[in-house]
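Chemist: With the input below, show me the fold.
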Amino acid sequence: MSERIVTVGSAQGLHARTAKIFAEAAAGRPVRVTVACGAKGPVPAASLLGLLTLGAVHGAEVTLRADGEGADAVLDELSALLARDLDAEDAGAGDAGTAGDAGRG
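Modeler: Model (predicted):
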């Protein structure tokens, strides 16, 4: 079984929006991935509700585990996603849309 320990990079932690992004990414992978945070878990990485029960805040260390062919590559991809500040990326996308609307009206 392959394992990665990752620090949650999103400023607001693994809340509904960021957990949804992560769960959708995990669901599209060919191996089953689980996530644990401290004494909570493991839960399926593709389960939005499961991820929310972990209470993973910004800076928390979570453990990703997977088994099977391609597990290392999948864990590398999901670890990189979890380590990013998805909140800041979302805010940047929202700002871009707002700026485009400023000249209208």
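Chemist: and Glu3, how far is that from Thr63?
Modeler: According to C-beta to C-beta, to the nearest Å, Glu3 and Thr63 sit 6 Å apart. C-beta: built from backbone N, CA, C; applies to glycine.
Chemist: now do Ala80
Modeler: 16 Å.
Chemist: more neighbours, those two?
Modeler: Thr63 (15 against 12; other C-beta atoms under 10 Å).
Chemist: Just the element for the residue lying closest to the more buried one once chain neighbours are set aside, please.
Modeler: Once flanking residues are discounted, Thr63 sits nearest to Ala36: 4.7 Å by C-beta to C-beta, 6 or more residues apart in numbering. In the assignment (DSSP states H and E), Ala36 maps to strand 33-37.
Chemist: Next secondary structure after that strand?
Modeler: Next along from strand 33-37, by DSSP H and E: strand 40-44.
Chemist: From Val57, how far off is the most centrally placed residue in the chain?
Modeler: Nearest residue to the geometric centre of the chain (C-alpha atoms, centre = their mean): Phe22, 3.4 Å. Going from Phe22 to Val57 by C-beta to C-beta gives 14 Å.
Chemist: residue ranges of the strands in this protein, please?
Modeler: 2-7, 33-37, 40-44, 61-66 (DSSP state E).
Chemist: what's the most buried one of those?
Modeler: Greatest average neighbour count among the strands of the chain goes to strand 33-37 (a mean of 22), per mean count of other C-beta atoms under 10 Å.
Chemist: Could you export that one as PDB, CA atoms only?
Modeler: Provided in PDB are the C-alpha atoms of strand 33-37 (Å, rounded to 0.1, in the frame of the first residue of the first chain):
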ATOM      1  CA  VAL A  33      -7.900   6.200  -2.200                       C
ATOM      2  CA  THR A  34      -8.600   6.800   1.500                       C
ATOM      3  CA  VAL A  35      -7.900   9.900   3.600                       C
ATOM      4  CA  ALA A  36      -7.300  10.200   7.300                       C
ATOM      5  CA  CYS A  37      -6.700  13.200   9.500                       C
END
